[in-house]
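Q: Everything below, folded, please.
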Amino acid sequence: MKNIPYEYYNAPIPGGGYVTGFAYDKSARGLLYCRTDIGGTYRYSYEEDRWHCLTYHAGMEDLSETFPIAIAAEEGILYIACGDGRSRYCDPAFHNGRLCTSKDKGLTFTYEEIPCYIHGNLNGRGTGKRLVKGTSGRLFFASQCNGLGIRETDGSWSFKEICGEAYLTFIYVSEDEKTLIAGTAGISQKDGNKRGHSLYISRDGGNSFEELAEPEDNSGKMYSGYVAQRYAADDEYFYVTFSVSDTNAYAQWMGYSCDGGWVRDGKVVRYDINAFKGFEDITPENAVNGFGGIALCDKLPGLLAVSGLCRYDGDIIWVSYDRGSSWERALHDMDTGHMHFNAPYMSPDHHGGHSLIHWMTDLAISPFDPDELWFNTGTGVFKSEGFSKEDRSFSDHCDGIEETVHLNLYSPPSGEIQLIDILGDLGGFDFRDLRKPCDNSFANENGNRYITCINADFPDKAPSTIAVAARGNWTGETKGGIIFSGDSAKSWVRLPLPYGINERIDGICRGIENPNTNPGWVALSADAGTLACTLAEGICLWADNAVCEGRLIEISYLSENKERPKFKMFSDRTDPAYFYAFGENSRLYVSSDGARNFRELPSPLPAGIEFGLIDCADPTEIRPSAGFFGTFYIALREHGLWKLEYIKEDDSFKARCLTKEGDTVYRCGLGIKDEAYIGGAKMIYISGIIDGKYGFYRSGDEGSSWEKLNDDKHLFGEVNSIEGDSRKRGRFFIGSGSMGVIVGEEAALSS
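A: Sure thing, here's the model as predicted:
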């Protein structure tokens with residue numbers, strides 16, 4: 001098989017996801033790492049002023065490294081604790097943990113198992129420090145549900161609960177390894193809705209533990225009780241931040257928030273580091289929030305910073321110059337006047353005049369420079385210049401971090417948009433320059449964003465007309481449904497939902513208008529005259545179709561007995577009267593009257609395919625072929641790549657598999673092959689396993705032969721969508737589940 005040299009780069013957003021923690025290597029200046037909840041681990045380059053992903057080599061066959069729960073950097077060695085446990089929810093008996101060790105700053109790794117459960121995108125992801133290397137060479141690991149793990153120098157592991165508590169938040173180890181302090185979620189010892197003790201100390205090297213005095217929450221509200229979040233230590237004090245979960249704080253996730261954003265109270269305390277008897281409450285005065293991150297710098301004794309987690313009023317950075325005896329606010333939402341945004345979509349103009357800073361659960365100050373402070377958010381990282389001074393400033397520093405979940409990609413055959421990117425949380429982007437961030441994600445006339453979008457559609461010959469299924473944002477400033485643009489995504493209007501049909505439809509519409517609720521799937525006819533969509537609840541697509549022509553709305557059903565099968569709908573790319581639906585168990589439907597009525601036809605595809613799932617649950621990818629009537633290419637995972645055609649004369653579907661038995665195709669897309677894209681032969685791009693090797697492939701002869709487009713260093717984690725470029729031969733796009741949208745170009749053709 002021929003291997004074509006390719007270069008890859010991100011169409012930049014940047015940031016976009018939850019960065020969950022930082023780690024400086026104190027042994028050498030200029031070594032800073034961060035971990036993310038779903039996007040792996042990054043190293044910051046001071047010379048380039050950008051982050052470098054260390055986990056591009058993770059692929060669909062093993063996603064463990066994309067879910068780190070802890071990182072540690074000690075004496076030039078990087079340690080990452082990670083695990084892919086998506087199929088099991090915090091099952092203590094499911095041991096999926098992995099320890100990744102690098103001695104060359106993350107360029108290469110060695111691997112070994114950690115016999116416990118780990119998942120960087122589940123409970124406790126916003127807490128730490130979980131991984132500590134002792135002076136003896138032993139590793140101490142505060143796990144999510146298996147207690148305290150200790151790795152001996154011979155590589156053996158042992159795990160133990162801390163006074164009956166298995167759900168840990170951090171571990172502190174003194175230099176002589178005699179004093180250990182463990183933070184826990186207080187679940188095993190909870191009393192009704194009040195959690196048990198959260199902080200424990202060992203004075204004998206971890207052989208035994210006892211409760212360490214901590215503040216009490218006597219509010220009597222659901223899930224009351226403080227959770228120890230993070231710690232810092234200097235030569236005088238040991239500092240701890242605490243938070244109390246709010247009632248909506250993913251309480252089912254072992255009772256402590258997975259992100260730290262839903263908290264209603266908190267404390268900052270300090271202990272005499274030589275005695276650990278009692279504590280001083282040093283909580284900033286008049287603080288009405290929880291606390292997460294905490295940082296100090298030995299170069300400026302007394303400097304201490306903590307982050308306040310505010311559910312409704314913007315996160316805060318508090319700074320102290322006397323070890324917490326007094327405080328001042330260094331940052332609160334937008335009230336400092338010293339916040340600057342480099343990524344256009346982060347601007348307050350798109351967020352009701354407020355910054356989008358949230359989930360600020362970690363802070364880090366350079367051990368070499370007290371003016372360098374970093375903090376995390378749910379959408380990337382920020383840096384402060386001159387932090388120890390009054391004229392400090394803050395700005396996002398996310399270049400290189402592309403931690404976003406991409407669901408569907410589209411390459412318009414003409415016009416100013418190069419790529420339509422449908423993604424989670426940020427909604428959608430329309431890239432006019434693949435090397436530059438977009439001005440903003442899809443938003444209404446007041447600049448308020450729609451968030452997670454599901455799909456888009458446009459006529460191939462008039463791609464400036466675009467319809468998108470979009471969720472409404474958390475603030476309620478936008479509501480879910482179908483949004484429509486007639487000017488190449490420069491402006492959007494929200495189409496009316498079909499209220500008044502019947503009570504059941506009204507209930508579905510009301511649900512769609514709730515914040516962050518899946519709206520369904522949209523299809524736009526070849527002449528843009530008919531817009532059809534399914535109505536969704538959760539990830540299930542209902543059988544009710546809202547058909548919108550101008551302002552007129554009517555309903556048709558796929559099933560007379562209203563069984564509500566899940567399905568997706570696609571328009572024919574040439575005939576505006578034809579629409580197609582793909583349903584449960586490989587069921588296929590066709591409409592020849594503009595989606596008003598559908599009829600089910602026998603399916604020639606392999607049985608058991610669930611076409612109706614959307615969002616990240618979608619196991620397939622369906623690509624209609626521009627310029628061809630009733631023609632689709634479909635990725636069916638272990639069943640391979642299929643070509644499906646509707647034969648109008650016979651009113652039937654026919655299909656054939658384009659890959660051989662044993663090949664796996666996860667995603668597929670179509671690009672230009674010769675001079676014409678619409679009506680011309682297509683270059684097929686796939687992610688999958690061909691001849692036993694996973695990677696990205698292309699075929700210009702309908703799957704008779706394949707060319708490999710990547711090496712083992714470029715797998716980009718989970719892949720949710722693949723699309724070929726409709727205008728530039730050889731270019732294709734990868735919609736990853738954790739590492740942004742990636743552009744692949746033949747090395748010889750790249751600029």
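Q: Now do the SS call for residue 594.
A: Using DSSP: H, G, I helix; E, B strand; the rest coil, the structure places residue 594 in coil.
Q: I'd assumed residue 571 was in contact with it.
A: No. The criterion here is CB atoms under 8 Å, and residue 594 misses it with residue 571 at 9.4 Å. Backbone N, C-alpha and C define where each C-beta goes, glycine included.
Q: Can you tell me, leaving aside adjacent residues, what's nearest to residue 384?
A: Of all residues not flanking residue 384 in the chain, residue 373 sits nearest, at 4.1 Å (CB to CB, 6 or more residues apart in numbering).
Q: scratch that, residue 712 is what I was asking about
A: residue 57 (6.2 Å).
Q: just to revisit the earlier point, comparing residue 594 and residue 571, which shows the higher neighbour count?
A: Neighbour count, other CB atoms under 10 Å: between residue 594 and residue 571, residue 571 has more, with 29 against 19.
Q: what about the residue nearest to the more buried one when sequence neighbours are not counted, neighbour count?
A: Closest residue in space to residue 571, ignoring its immediate chain neighbours: residue 523 at 4.4 Å, by CB to CB, 6+ apart. The tally of other residues near residue 523 (other CB under 10 Å) stands at 24.
Q: Would you check how far apart the residue nearest to residue 712 and residue 18 are?
A: 22 Å (CB to CB, to the nearest Å).
Q: So between the two, which is more surrounded?
A: residue 18 (27 against 18).
Q: just checking, the more buried one touches residue 36?
A: Yes. Assessed by CB under 8 Å, residue 18 is found in contact with residue 36 at 6.6 Å.
Q: between these two, what contacts are shared?
A: Listed as contacting both residue 18 and residue 36 by CB atoms under 8 Å, 6 or more residues apart in numbering are residue 403.
Q: what about the stretch 501-650 of the chain, any weak spots by pLDDT?
A: For the stretch 501-650 of the chain, the stretches with pLDDT under 70 are 537-565.
Q: shouldn't the residue nearest to residue 571 be in contact with residue 570?
A: Yes. Here residue 523 reaches residue 570: they are 5.4 Å apart, a contact under CB under 8 Å.
Q: got any residues that touch both of these two?
A: Taking CB under 8 Å, 6+ apart as the contact rule, residue 523 and residue 570 both touch 457, 579.
Q: Now residue 625. Nearest residue, chain neighbours left out?
A: Leaving aside its chain neighbours, residue 625 sits nearest to residue 631 (4.2 Å; criterion: CB to CB, 6+ apart).
Q: cool, and residue 96?
A: Per CB to CB, 6+ apart, closest to residue 96 is residue 83, 4.3 Å.
Q: Please apply the same query to residue 244.
A: Counting by CB to CB, 6+ apart, residue 265 is the residue found nearest to residue 244 once chain neighbours are left out, at 4.1 Å.
Q: And for that neighbour, the neighbour number?
A: 21.
Q: That one: what's it in contact with?
A: 217, 219, 226, 243-244, 288-290.
Q: so what's it scoring on pLDDT?
A: Residue 265 carries a pLDDT value of 87.
Q: what mean pLDDT would you report for the helix or strand hosting residue 33?
A: Assigned by DSSP states H and E, residue 33 belongs to strand 32-36. Summarised as a single mean, pLDDT over strand 32-36 is 97.
Q: Over to stretch 327-335?
A: Here the average pLDDT along stretch 327-335 is 83.
Q: same thing with stretch 349-365?
A: Stretch 349-365 shows a mean pLDDT of 86.
Q: next one: stretch 438-447
A: 88.
Q: The stretch 601-750 of the chain: strands as residue ranges?
A: 621-624, 631-635, 641-647, 652-657, 664-672, 682-690, 693-699, 707-708, 719-724, 732-736, 741-746 (DSSP state E, counting those that start in this stretch).
Q: Next, the angle strand 682-690 makes with the last one.
A: Angle of strand 741-746 versus strand 682-690, following axes from the mean of the first three to the mean of the last three CA atoms, to 10 degrees, is 110 degrees.
Q: do the second one as well
A: Going by the same axes, to 10 degrees, strand 631-635 is angled at 20 degrees with respect to strand 682-690.
Q: one step back: shared neighbours, residue 594 and residue 571?
A: In contact with both residue 594 and residue 571: 525, 530, 532, 579, using CB under 8 Å, 6+ apart.
Q: isn't residue 460 right up against residue 625?
A: No. Contact between residue 460 and residue 625 fails when scored by CB under 8 Å: they sit 9.8 Å apart.
Q: what touches both of the two?
A: Joint contacts of residue 460 and residue 625 (CB under 8 Å, 6+ apart) are residue 573.
Q: How many residues are close by residue 340?
A: 12.
Q: scratch that, residue 534
A: Using other CB under 10 Å, residue 534 is surrounded by 26 other residues.
Q: Who are the packing partners of the host helix or strand of it?
A: In the assignment (DSSP H and E), residue 534 maps to strand 531-537. Helices and strands in packing contact with strand 531-537 are listed as strand 466-470, strand 481-485, helix 503-512, strand 522-524, strand 540-549, strand 567-571; criterion 3 or more CB pairs under 8 Å, 6 or more residues apart in numbering; DSSP states H and E.
Q: wait, doesn't residue 393 sit right on residue 383?
A: No. Counting by CB under 8 Å, residue 383 is not a contact partner of residue 393; they are 9.2 Å apart.
Q: beta partners for residue 74?
A: residue 77 (DSSP bridges).
Q: wait, it sits on residue 23?
A: No. Using CB under 8 Å as the test, residue 74 is too far from residue 23 to be in contact (9.1 Å).
Q: ok, the closest residue in space to residue 606 that isn't next to it in sequence - how many residues close by?
A: Leaving aside its chain neighbours, residue 606 sits nearest to residue 639 (4.6 Å; criterion: CB to CB, 6+ apart). Residues near residue 639, counting by other CB under 10 Å, number 21.
Q: Also residue 457?
A: Residue 457, neighbours per other CB under 10 Å, totals 26.
Q: ok, back up a step: name the helix or strand for the residue nearest to residue 244, please.
A: Residue-wise, residue 265 maps onto strand 263-272 under DSSP H and E.
Q: Check the offset of that strand from the chain's centre.
A: How far strand 263-272 lies from its chain's middle: 29 Å, per CA atoms, centre = their mean, to the nearest Å.
Q: CA atoms of that strand as PDB?
A: Listed next in PDB are the C-alpha coordinates belonging to strand 263-272 (Å, rounded to 0.1, in the frame of the first residue of the first chain):
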ATOM      1  CA  VAL A 263     -20.600  25.200  44.400                       C
ATOM      2  CA  ARG A 264     -22.300  27.300  46.900                       C
ATOM      3  CA  ASP A 265     -19.800  27.800  49.700                       C
ATOM      4  CA  GLY A 266     -16.200  27.400  50.500                       C
ATOM      5  CA  LYS A 267     -13.200  28.000  52.800                       C
ATOM      6  CA  VAL A 268      -9.500  28.600  52.700                       C
ATOM      7  CA  VAL A 269      -7.600  27.400  55.800                       C
ATOM      8  CA  ARG A 270      -4.000  27.000  56.800                       C
ATOM      9  CA  TYR A 271      -2.200  24.600  59.200                       C
ATOM     10  CA  ASP A 272       1.100  24.900  60.900                       C
END
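Q: from the chain's centre, how far out does the following helix or strand past it sit?
A: Tracing the chain past strand 263-272, the next element assigned as helix or strand by DSSP H and E is strand 280-281. From the chain centre to the centre of strand 280-281 is a distance of 37 Å (CA atoms, centre = their mean).
Q: and the host helix or strand of residue 239 with strand 263-272, angle?
A: Applying DSSP H and E as the criterion places residue 239 in strand 237-245. Computed by the same axes, to 10 degrees, the angle separating strand 237-245 from strand 263-272 equals 160 degrees.
Q: Return the alpha-carbon coordinates of strand 237-245 using CSV.
A: Extracted in CSV, the C-alpha atoms of strand 237-245 (Å, rounded to 0.1, in the frame of the first residue of the first chain):
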residue,chain,number,x,y,z
TYR,A,237,2.0,26.7,56.4
PHE,A,238,0.0,24.0,54.7
TYR,A,239,-2.9,25.6,52.8
VAL,A,240,-6.1,23.9,51.7
THR,A,241,-9.1,25.1,49.7
PHE,A,242,-12.6,23.7,50.3
SER,A,243,-15.9,23.8,48.5
VAL,A,244,-19.5,22.7,49.2
SER,A,245,-21.4,21.2,46.3
